[in-house]
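S.K.: fold the following.
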Amino acid sequence: MLTLAGLLEDSSLELDLLVPGTDGALTREALWVHNTELPDPSPYLREGEIVLTNGLWLPQTPPSTFVEAAHRARAAGIVFGLRAETPQTPSDLIQACEHYGLPLLQISIDVPFTAVTQAASATQADQRREALVDLVRRGDALAQAISHGAGASGVLAVLRREHDLPLAVVDRMARLLASAGTTLSPEQLRLAAAGLARHPPPLEIDLGGEQGKATVFLVGAVGDTDAALLCLKPVSALSRAEQDALDQAARFLSLEVAKQQAVQAIELRFASELLDMILSGAQRAAEVPDRLRAFGVDPYGELLVLATAFAVGPHATLPGLSETVGAFFLDRSLAVVVAGGSHDVVAVLQRPQQETRELADELRQAVAKRFPDQRVVIGLGEPAPTAHLLREPLVQARKACQVLRRRPSQSIATFAELGTHRVLLGLQDPETLRSFAAGVLQPLREYDRRRDARLESTLRAFLQHDGQYAATAAALYIHVNTLRNRLAKITELTGRDAVRTEDRVDLYLALEADELSQG
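M.R.: Next up is the predicted model:
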């Protein structure tokens, strides 16, 4: 690394230190050397350059003006060349450098500036050679880590052998793939994933807390940004060597992420094929046990089926849901088959010791933490004694999940708990439900809007109290005769008598359909 301190150590240059400058100025990396005799060299100086000058500008320009210009251009320091006309460095030049905190060295009359340039060139050549050797050696170590299956953690271990940096690898699904020297909270993982979703992704991400800003090194797989290597330091705090090492590691991590994606794609295809086998019934039942064994699931033990989806928005599933569900079970050391589609994500696993509804609720919470803006619903099938009897539980779980998406009051339910009429209604599209409900209830709503007669709320209360007049009237704080009058008006407007079983079923289903269509 080219520094003023390094040049001072070269005795052949015959340099003397006159002003050390501010703390660390002598050891700070310099960009290059710049020979000038201009009274104001600032327009041509680059930040970090060492100024070489013989002071030919001295008769016309005060030293303070020259030093101020070099300081303004953020020069690394000044090397003043002695000559016969100026055998000593002018005292006012020394005073000016002390005032601005700019390092000042003087060089012997016998040593030309070309010697300084050659020394700087040799230093940078050595630096480039060392960097190249480090690059090759690090590349070999990274390739070995990847080929031996060490994964992202192995890549970080190689980096940490050279640079003691806090590192983490986070994918766009807010999953922590590996870390070294630091820990990230769920909120920080979410912030990192949100940064990766931006186009283009930022150079730094503010993770808040003690970590503050983290420098981002993008990890791409198949033509996209799939993850990032985060160094929990701002880019300004990283040396060029550290940045080069992190950038190289990110490229090797791209190989690892691409490999993981390929494996996940194969697993997803195999899992989807398993669902097709199960739904095919006896036709492909013989293939199901072997496919379950491939995922580590015992086909002859009691099996559990769960279907997970989102109830908010037009999409029942989103990218990352399948991975989140799979990670939930794997974190509990439960062998599982996870198949994702556009309507739900299905999990088939050995029935654990834990109570099923408790397990489902923990899964719901885990998914909700990953997708905080979504309402998560989970449909449960009845346990299957063996793999050959999985078809019915699978259908039950998926249908229950489909109904729950339209029921804002429930998040987890079995097929049986929803009731036959709810399942049948839930399988209809929302527009059909709205049309049916409006055909029955619209006359009541229009009358309520004009008269504030509260007919719809009265009908709901009457049905909730199983058609009992006294209980309904008490709940509504009205007289029984008032209730009878309202029910008569409901019959007049809808053509359905809430007292007759057939008509009561129509009215009840209309209210249920209305609730489902709104959910």
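
S.K.: so what's residue 44 up against?
M.R.: Residues touching residue 44, when contacts are defined by Cβ atoms under 8 Å, 6 or more residues apart in numbering, comprise 34, 36, 38. Glycine gets a C-beta too; all of them are placed from N, C-alpha and C.

S.K.: which of these fall in strands?
M.R.: residue 34 (DSSP state E).

S.K.: any chance of a markdown table for the contacts of residue 44, columns distance to residue 90?
M.R.: Below are the contacts of residue 44 laid out as a markdown table (distance: Cβ to Cβ, whole Å):
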| residue | distance to residue 90 |
| --- | --- |
| 34 | 20 |
| 36 | 17 |
| 38 | 17 |
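
S.K.: filter the contacts of residue 44 to the buried ones?
M.R.: Applying 16 or more other Cβ atoms under 10 Å to the contacts of residue 44, the neighbour count classes 34, 36 as buried.

S.K.: which of the contacts of residue 44 sits closest to residue 190?
M.R.: Distances from residue 190 to the contacts of residue 44, taken as Cβ to Cβ, are shortest for residue 34 (47.4 Å).

S.K.: what's the neighbour count on the residue nearest to residue 440 when sequence neighbours are not counted?
M.R.: If the residues on either side of it in the chain are set aside, residue 440 comes closest to residue 510, at 3.6 Å by Cβ to Cβ, 6 or more residues apart in numbering. By the measure other Cβ atoms under 10 Å, the count of residues near residue 510 is 22.

S.K.: doesn't residue 510 lie inside a strand?
M.R.: No - for residue 510, which was evaluated using DSSP: H, G, I helix; E, B strand; the rest coil, the result is helix, with no strand membership.

S.K.: residues in contact with it?
M.R.: Residues in contact with residue 510, defined by Cβ under 8 Å, 6+ apart, are 436-437, 439-441.

S.K.: residue contacts, residue 334?
M.R.: By Cβ under 8 Å, 6+ apart, the contact list for residue 334 reads 349-350, 352.

S.K.: could you measure from the residue nearest to residue 440 over to residue 74?
M.R.: 77 Å (Cβ to Cβ, to the nearest Å).

S.K.: now do stretch 373-384, average pLDDT.
M.R.: For stretch 373-384, the per-residue pLDDT values average out at 92.

S.K.: I meant stretch 161-175, not that one.
M.R.: The average of the pLDDT scores along stretch 161-175 is 85.

S.K.: list the buried ones in that stretch?
M.R.: Of the residues in stretch 161-175, those buried (16+ other Cβ under 10 Å) are 165-175.

S.K.: check stretch 455-471 too.
M.R.: When burial is assessed from 16+ other Cβ under 10 Å, stretch 455-471 yields the following buried residues: 455-456, 458-459, 461-463, 465.

S.K.: dump the residue contacts of residue 309.
M.R.: With Cβ under 8 Å, 6+ apart as the criterion, the residues that contact residue 309 are 316-317, 343-345, 376-377, 401-402, 404-405.

S.K.: so which of those residues sit within strands?
M.R.: Among the contacts of residue 309, the members found in strands (DSSP E) are 345, 376-377.

S.K.: on contacts alone, who are the packing partners of the helix or strand residue 68 falls within?
M.R.: Taking DSSP states H and E as the definition, one finds residue 68 inside helix 63-72. Under the contact criterion of 3 or more Cβ pairs under 8 Å, 6 or more residues apart in numbering; DSSP states H and E, helix 63-72 touches helix 91-100.

S.K.: could you name the helices and strands sitting against the helix it packs on?
M.R.: Using 3+ Cβ pairs under 8 Å, 6+ apart as the contact test, the elements touching helix 91-100 are strand 15-19, helix 63-72, strand 104-107.

S.K.: quickly run through the sheet partners of the last one, with directions.
M.R.: Looking at strand 104-107 with DSSP bridges, its partner strands are strand 15-19 (antiparallel), strand 77-81 (parallel).

S.K.: tell me how far that strand lies from the chain's centre.
M.R.: Counting by Cα atoms, centre = their mean, to the nearest Å, strand 104-107 is centred 53 Å from the centre of its parent chain.

S.K.: only alpha carbons, please: show that strand as PDB.
M.R.: Coordinates of each C-alpha in strand 104-107 appear next as PDB, following Å, rounded to 0.1, in the frame of the first residue of the first chain:
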ATOM      1  CA  LEU A 104       5.200  17.700   4.900                       C
ATOM      2  CA  LEU A 105       8.400  15.900   3.800                       C
ATOM      3  CA  GLN A 106      11.500  17.300   2.300                       C
ATOM      4  CA  ILE A 107      13.700  15.400  -0.200                       C
END
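
S.K.: beyond it, next helix or strand please.
M.R.: The first helix or strand that comes after strand 104-107 along the chain, using DSSP H and E, is helix 113-147.

S.K.: following element in sequence after that following helix, please.
M.R.: Beyond helix 113-147 on the C-terminal side, the first helix or strand identified by DSSP H and E is helix 151-162.

S.K.: and that following helix, what's buried?
M.R.: Going through helix 151-162 with 16+ other Cβ under 10 Å, the ones that come out buried are 151-152, 154-156, 158-159.

S.K.: returning to that earlier point: want to try JSON lines for the strands paired with strand 104-107, with distance to residue 329 as columns?
M.R.: As requested, these are arranged in JSON lines below (distance: least, Cβ to Cβ, whole Å):
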{"stretch": "strand 15-19", "distance to residue 329": "66"}
{"stretch": "strand 77-81", "distance to residue 329": "62"}
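
S.K.: now the ones you listed as JSON lines including distance to residue 294 and mean neighbour count?
M.R.: Putting those into JSON lines (distance: least, Cβ to Cβ, whole Å; neighbours: other Cβ atoms under 10 Å) gives the following:
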{"stretch": "strand 15-19", "distance to residue 294": "72", "mean neighbour count": "17"}
{"stretch": "strand 77-81", "distance to residue 294": "67", "mean neighbour count": "24"}
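
S.K.: please convert those to TSV, extending it with distance to residue 242 and mean pLDDT.
M.R.: Rendered in TSV, the data for the strands paired with strand 104-107 read as follows (distance: least, Cβ to Cβ, whole Å; pLDDT from 0 to 100):
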stretch	distance to residue 242	mean pLDDT
strand 15-19	29	95
strand 77-81	24	96
